[in-house]
Structure formats: C-alpha cells, structure tokens
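Colleague: below: sequence and its predicted model.
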Amino acid sequence: MAKTPQAIRGTQDIFGADAEAFAFVVETFERVRRLYRFRRVEMPVFEKTEVFSRAIGETTDVVSKEMYSFDDRGGESLTLRPEFTAGIARAYLSNGWQQHAPLKVATHGPLFRYERPQKGRYRQFHQIDAEIIGAGEPQADVELLAMADQLLKELGIEGVTLHLNTLGDGGSREAWRAALVEHFRAVKDELSEDSQERLEKNPLRILDSKDRRDRRFVADAPKIDDFLSDEARAFFDTVTGGLDAAGVKWTRAESLVRGLDYYRHTAFEFIPAEGSEAAGKLGSQSTILGGGRYDGLMESLGGAPTPAVGWAAGIERLAMLCEGKGTEKLEIAIAAENVEREGDAAEMVSIFRRRGFNAELFATGSPRKRFDKARKAQPAILISFDIRDGQRTQTLTVAGTGYGREADASKIFADRWTEVNR
RNA sequence: GCGAUCGUAGCUCAGUUGGUUAGAGCGCCGGUUUGUGGUACCGGAGGUCGCGGGUUCGAACCCCGUCGAUCGCCCCA
C-alpha cells in the first residue's frame, strides 16, 4: 500500500461545524461590506517579494523570518502573501485606481506566514480585509471602525472591545520613538533580553511587553500624547468624536502599537475582555481584528503620497467565537423503509428541494434501519415510505417543535399523497 | 527559533512493576426483535500501538532520534 502524504504543517482541513462557522463569518462579512458600500476585489495570492519587503518593512518579523518566498523558473523572488494590504496598495498603483479615490474595497482569502502553529494561529490562515484608500479624513477611520463594530455585533460576538490609539503623524511618531529609545536605553541592562533587542529594531513594541522586568519601566515611559502635533491631536479627537456619535464603544490604549512599519495616526485592535468567555476560547491569540492608518505605505512602493486606512481580521479566530453558528437544521428527512418505495421517496425529496427546503433521503443500507437513521439526523419533519400488510403507506411526522414552515411542508406532502394509505 | 505535554481501531479512550493472540464505548456493515417507533439483542469488518533505531529472553509500555499534534514564548489575524 502506498503511504498517504501528510498535510503541510500549519495547514488545516476544515470540515463540519468548523467549516460552517467559517462560512458564516465570510457570509456575514460579505453582507455587512455591502451595507457600507465596500467594493469586492480579488487579489493574487503571490506577489514579487519586494512588494511585501518594501511595504511592510525589512526589519519586521513578518518580512525577516515569516515569509514563504521562492524563486520562480525565471529566477525572480516571489512570496505567498502574508497580508492583504501591501498587495492591494500595489494594485491601486499599478492599475490606476486613483481615478476611483476614495476607494473602499474588501476581500478575503488565505494568507501565509511561516510561524509555529498554535491555537488560533496557522501557517495558512484566512482573513477578511477592508481598506479605504485615498481618504485622508478622520471620517474614513470612523466609517471603517463602525463597519468592524457592526460586523462583530452581527456575528453575535460578545465581550470584545475596541482598543484605540494614535501613533501621530510621521513627525510625532519619530519624536516619540526617539524619546522612548532614550528612556529605555537608560535602563537597558535591566530590560528583558527580548526588549533589549526590541530597543534596536522596534522600540515601540517594548510598551506591550508581557515581561515583568519591562513593565516597571513602561509605566513612566514617554506618552505619545506629549508628542502629538496640533494636527495629529485634532485628527484623533475627530476620530474619537465620530465613534461616539456612531455609537461605537472604544477604550484608549496608550501602549497599543502595531507591528508593521507603515502605520500612522489611528491604530486599533478588537480584543476580548480579560476573563471573558471569548478570551478563553482564543487562548493567547487575543487580537481578532486589527488595523490602522497607513499614510506612508504608497510612497514606499513608489507611488504618490496617498492616505489610507484598513483592517483585517482572522476568520479562524472569529469562527472560534461563532461556534455552532451557520449550521442549518435538517428540515425534511425522507426514509424509504421498503426497497419498492425508494422511487416515491426519491421523487418526494426532489419535490421538497425544488420548493426550497433542505432535505435528505435515507434509502441505503438495511431498510429496517433507515427510519432510525433518519430520526438520528434530527429533522424538523420526518416522512416515511413503507409497505405494511401489503399496503403502501406514507407518513409525515413532525419531529421538532416550533418549526415555522410546518404548514407549507405538510401541504406539499398532501398535494402528492392525498391518502396516507392506498 | 525556544520550551512543555502528547501520538493505541473512523472517533473518544483503557491497557497493571515490561510477560500469551492489544481491549471498550460510539460510529459503520449485516441479521433478529419492535411497529407511529430515537427499542433491545446477536454477529461482522476495521489496528505492522506515528515512524526509525536501541536496551531486553520478551517492548504499546524503558532509552535515543525523527515526524506530527496540542499549548505557551516570540510575533501576529
């Protein structure tokens, strides 16, 4: 016997209730995205490596050690997309989508990151994504966040709060960064090993270190608010005011920074409240939706300065919070308890399906056990075809209670079989 | 990349200080029973105990390696 190959580490074969919850997330996203008039885009799954290395930043973990890169037959370095934003930005520039600005787009699909798999984290994972490109006004941030908030509500996800911060404009961010480096360099030897390295590569990240050795120095670290320009402050105030007006609850998270180089101004994450049911289901992967403004990104790809905001959310993580959703109850189960009635049963099931009912036929295996099999499928209505004492019989049993289409279903059945026995 | 735990039937698992032919429940297939009914019983298929090596008279069990899974660190969705 030939050996069955294994799936690639960190990939998933999603099936059953998990797959239904996954589809529920995507379908809900598609519906909400239309409400906000975001246009659907389909993007390549791979790009030239430089699209990501230039847009995301060479020093980030994503680029420096998590990309699936390979040379194609022409010797060009290509990379399986680790995120959507860089590819969308590239498409915006190379297709002249400036003519549509401000452009609201949404997409979803697989992303790839070479990481150690764990709960809520995979090497091939899936995101939903929304971007507003060519809009520099804070109202764009508000609209984008309102959509995210409504999406989570329509998914029925509870106990998740919007953590909001501003990184200021380019000048503010640099000044703050410099002050942070100075602050932490003074106590460098007392920081954790990880943070000593962060000091050089990404000092902002020290702020959300979990290490106790770092926490002491984080408390009195310089605050972004002290470095904000008047414009940056006004921008953030407009965003928060707009969220309040839109009824979106948020909380200020001064130490929230995003890992990628391109973020400016607004940065945000939706995170489950500590100790909540949602937090328990997610394990240590707490962020379910994150994003921000990336006004500098287009320039890094050689385009004109173009303001933009966007977010992405992990479908798997959202689906973990939507357990059991998306699975539809079986409406009609039809059992052929006698081989000679299989034709009638098959006809009945197709009638129901054409009338818009989901229906399943039980006409295989031992005829005596088909009724029990049908019942185990827990249908709202169970129809049985049989022959008893030489008489053909067909019965309709309402198995569940509170089934809204019971009358319709009964009528469809009665229209075909005017007598129960004949 | 680092750390911890774990790999036995399709699924969930048991398997004594190492000792005959590795078990159960569920599921699947067949039969009987019941006959407006989620019944009960009988039988069957299905495992080179993740893979490779070692220790031993003898390994599912002990040791090493490897692959995979899970959880955590890092980072992120």
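Modeller: That came through, no problem.

Colleague: ok, now which ones touch residue A:112?
Modeller: Contact analysis of residue A:112 by C-beta atoms under 8 Å, 6 or more residues apart in numbering lists A:67, A:68, A:80, A:81, A:82, A:123, A:124, A:125. For every residue, glycine as well, the C-beta is placed using N, CA and C.

Colleague: from those residues, which is closest to residue A:20?
Modeller: Nearest to residue A:20, judged by C-beta to C-beta, of these is residue A:125 at 18.1 Å.

Colleague: distance of the closest one from RNA strand B?
Modeller: Residue A:125 sits 3 Å away from RNA strand B, taking C-beta to the nearest atom of the strand, to the nearest Å as the criterion.

Colleague: just residue A:250 next, same as before
Modeller: Taking C-beta to the nearest atom of the strand, one finds residue A:250 at 16 Å from RNA strand B.

Colleague: which residue packs closest to the residue of chain A found nearest RNA strand B, ignoring adjacent ones?
Modeller: Nearest residue of chain A to RNA strand B: residue A:259, at 1.2 Å (C-beta to the nearest atom of the strand). Excluding the flanking residues, the one nearest residue A:259 by C-beta to C-beta, 6 or more residues apart in numbering is residue A:60, at 6.1 Å.

Colleague: can you list the domain ranges for chain A.
Modeller: A:17-169+A:229-320, A:332-416 (automatic domain parsing).

Colleague: mean pLDDT lowest for which of these?
Modeller: Confidence, taken as mean pLDDT, is least for domain A:332-416 of these (a mean of 88).

Colleague: now do the contacts for the residue nearest to the spatial centre of chain A.
Modeller: Nearest to the mean C-alpha position of chain A, by C-alpha atoms, centre = their mean, lies residue A:315 at 2.9 Å. Neighbouring residues of residue A:315 by C-beta under 8 Å, 6+ apart: A:22, A:25, A:26, A:108, A:125, A:126, A:127, A:128.

Colleague: what's the burial count for the closest residue to residue A:192 other than its chain neighbours?
Modeller: In this structure, residue A:192 finds its nearest non-sequential neighbour in residue A:211, 4.0 Å apart by C-beta to C-beta, 6+ apart. Residues lying near residue A:211 (other C-beta atoms under 10 Å) number 14.

Colleague: RNA strand B contacts on the stretch 151-300 of chain A?
Modeller: Applying C-beta under 7 Å from any atom of the strand, we find that the stretch 151-300 of chain A lies next to RNA strand B at A:194, A:198, A:205, A:209-211, A:258-260, A:269, A:283-290.

Colleague: what about burial for these, which qualify?
Modeller: A:198, A:205, A:209, A:258, A:260, A:269, A:286, A:287, A:288, A:289, A:290 (16 or more other C-beta atoms under 10 Å).

Colleague: columns secondary structure on top of these, output as CSV?
Modeller: Shown next, in CSV, are those (DSSP: H, G, I helix; E, B strand; the rest coil):
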residue, secondary structure
A:198, helix
A:205, helix
A:209, coil
A:258, coil
A:260, coil
A:269, strand
A:286, coil
A:287, coil
A:288, coil
A:289, strand
A:290, strand
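
Colleague: make JSON lines out of the residues you listed and add distance to residue A:348.
Modeller: What follows is those, written out as JSON lines (distance: C-beta to C-beta, whole Å):
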{"residue": "A:198", "distance to residue A:348": "67"}
{"residue": "A:205", "distance to residue A:348": "63"}
{"residue": "A:209", "distance to residue A:348": "64"}
{"residue": "A:258", "distance to residue A:348": "57"}
{"residue": "A:260", "distance to residue A:348": "57"}
{"residue": "A:269", "distance to residue A:348": "52"}
{"residue": "A:286", "distance to residue A:348": "50"}
{"residue": "A:287", "distance to residue A:348": "50"}
{"residue": "A:288", "distance to residue A:348": "44"}
{"residue": "A:289", "distance to residue A:348": "45"}
{"residue": "A:290", "distance to residue A:348": "50"}
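
Colleague: just these now: which is nearest residue A:52?
Modeller: Ranked by distance to residue A:52 (C-beta to C-beta), these are led by residue A:260 at 10.2 Å.

Colleague: touching, the closest one and residue A:58? I think so.
Modeller: No. Counting by C-beta atoms under 8 Å, residue A:260 sits too far from residue A:58 to count as a contact (11.5 Å).

Colleague: show me the helices in the stretch 201-350 of chain A, by range?
Modeller: A:212-219, A:230-246, A:277-282, A:297-300, A:315-320, A:342-354 (DSSP state H, counting those that start in this stretch).

Colleague: deepest of those helices, which one?
Modeller: helix A:315-320 (a mean of 24; mean count of other C-beta atoms under 10 Å).

Colleague: quick one: is that one near RNA strand B?
Modeller: Yes. Judged by C-beta under 7 Å from any atom of the strand, helix A:315-320 comes into contact with RNA strand B through A:316, A:317.

Colleague: contact residues of the stretch 301-422 of chain A facing RNA strand B?
Modeller: A:312-314, A:316-317, A:337, A:364-366, A:368-369, A:371-373, A:375-376, A:378, A:382, A:384, A:386, A:388, A:393, A:395, A:397, A:399, A:420.
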